[in-house]
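# Prediction below, plus the sequence it came from.
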Amino acid sequence: MPEIQAPRGTQDILPEEQPWWDYIRTTAERICGEFRYLPIDTPLFEDVGLFKRTVGDVTDIVQKEMYVFEDRGGQQLALRPEATAAVCRAYIEHGMHNQPQPVRLFSIAPMFRYDRPQAGRQRQFHQFNVEAIGDESASVDAETIEILWRLYEELGLTGLTLHLNTIGDSACRPRYLEALQDYYRDKLDKVCDDCRGRVERNPLRLLDCKNERCQPVIAGAPAITEYLCDECAEHFGQLKSYLDALGIPFVENRTLVRGLDYYTRTVYEVQPQEEGGQSTIGGGGRYDGLIEMIGGKPTPGVGFATGMERIILNLKRQEVPLPDRRTLDLFVVAQSAEARVAAFKLASDVRKAGHSAVAGSAGRSFKAQMRHADSLGARYAAIIGERELSAGNVALKRLEDGAQEEVAIGDVATKLAAP
RNA sequence: GUGGGCGUAGUGUAGUGGUUAACACGUCAGGUUGUGGCCCUGAAGAUCGCGGGUUCAAUUCCCGUCGCUCACCCCA
């Protein structure tokens, strides 16, 4: 082990891993293009208040997972733990309410949370993030869910379940939370320590407690659906019919809540079949109050985030084949010292013609260069020796079957283009 | 933040309280005259994660620490 290594919970994404990233990125960008979502990048760090106000002061993300630091000017900053708040900040800051609504945005970017790393969870991780800001209709909720669903589908992931729920809004949720608290107050002896604290602090989270002993209590708890105001109930109903129309299957899950405070109405998560704690690969929902929390005019929004590393984990688990691999068209072998310059120049010319080419390293033997060509997986080897050099030719060898022919040095690029 | 498993060359592994820590893959070099894959030979490459302790002696035993990993938790 070297003395200095990558910080805990971070990783180098090596060349052999890159095709996975490339695959997801290009697929996501293509789909976003179809839906006319435009790319946006925001800073890696923000004023710490942005996240405290939106994500929520009592959430784990803010309380114990945020990378907070003070810069030399005394400003309290935080490495962003999630994307939505920052995108909304940018929406306000750049007056995007003057654009046609909703403003449709996406990004693929690293996030930071100080957490114990394990499978599918690291301290620096990457999210594909989609936001539609400025439209409260349920069709926009459905549209973002469709993007997420299309992504998984086109990547080739199977066996996914979309869990859907609504958590009401500021009109109806308080009434529900009261009912929930009342229900729990005389059952404090039957629930776990965490839940005892949650009753007063964050009652919604009572519903998704995983503790075994809390399950019977959760099962008997009042359902939000009984308390929704007409608008929220209608919104939820509309969303479901949009999803039905799109043929996107979902499971209503009334215990689904999310760990960020800014959500209103729609919340959802996507789970793969494989069991395990870190199973959620994507999730999102509506956040109609968020922009107001950070000083903007009341503006609705919806969006989701999906974890790049978790997608890759599942692609590998499901043995989804990657499209094509990176190839090398030509390896140029210089048989003699005199041929090196010509070989080097040939590689350069071939590249300018749009092919990939590598010139054999000077000082290596002929045989070593041939071996190198083979191990790099080159399609062709161009051999330049005394004879070829004086004739202005190369010996062009197709490595797959060994077929070889003399080709004028200027014709190599066109030969490579031919099948 | 809590608990379990692990930590030996670039990678995957073996091994032992006591001389030069083993094997495979990979890398590099060779296998004579201008040709890769297979095969053969050779070389380089490990302060046995780090620190402390026990011991005449520790890579091997103990403790701590860091890291990896799995679960809890949290979430993407």
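Now that the structure is in, tell me what you want to look at. Note that the structure is predicted; figures quoted are calculated from it, not measured. Numbering: from 1, shown residues only, chains lettered A, B, ... in the order given.
# helices and strands of chain A: which one bottoms out on pLDDT?
helix A:193-201 (a mean of 81; mean pLDDT, DSSP states H and E).
# hang on, A:Asp329 packs against A:Ala381?
No. Between A:Asp329 and A:Ala381 there is no contact under CB atoms under 8 Å: 10.7 Å. Where C-beta positions appear, they are placed from N, C-alpha and C, glycine not excepted.
# Compare the two and say which is more crowded by neighbours.
The neighbour comparison of A:Asp329 against A:Ala381 (other CB atoms under 10 Å) goes to A:Ala381, with 22 against 19.
# Check which helices and strands the helix or strand containing that one sits against.
Assigned by DSSP states H and E, A:Ala381 falls within strand A:378-384. The contact analysis (3 or more CB pairs under 8 Å, 6 or more residues apart in numbering; DSSP states H and E) places strand A:378-384 against strand A:328-334, helix A:340-352, strand A:393-398, helix A:412-417.
# for these, which one sits closest to A:Thr158?
strand A:328-334 (33.3 Å; CB to CB).
# mind saving the C-alpha coords of that closest one as CSV?
Written as CSV, here are the backbone C-alpha positions of strand A:328-334 (Å, rounded to 0.1, in the frame of the first residue of the first chain):
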residue,chain,number,x,y,z
LEU,A,328,-7.0,0.5,-32.1
ASP,A,329,-6.9,0.6,-35.9
LEU,A,330,-3.2,0.6,-36.5
PHE,A,331,0.0,-0.1,-34.8
VAL,A,332,3.1,1.0,-36.7
VAL,A,333,6.2,-1.2,-36.4
ALA,A,334,9.6,0.3,-37.3
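# and that strand with helix A:340-352, angle?
Computed by axes from the mean of the first three to the mean of the last three CA atoms, to 10 degrees, the angle separating strand A:328-334 from helix A:340-352 equals 170 degrees.
# any idea of the mean pLDDT for strand A:328-334?
Averaging pLDDT along strand A:328-334 yields 95.
# Can you give the strand pairings for that strand, parallel or anti for each?
strand A:357-359 (parallel), strand A:378-384 (parallel) (DSSP bridges).
# The residue lying closest to A:Phe304 once chain neighbours are set aside: what's it in contact with?
Leaving aside its sequence neighbours, A:Phe304 sits nearest to A:Gly284 (CB to CB, 6 or more residues apart in numbering; 2.6 Å). A:Gly284 makes contacts with A:130, A:144-145, A:148, A:267-268, A:302-305, as judged by CB atoms under 8 Å, 6 or more residues apart in numbering.
# That'll do, ta.
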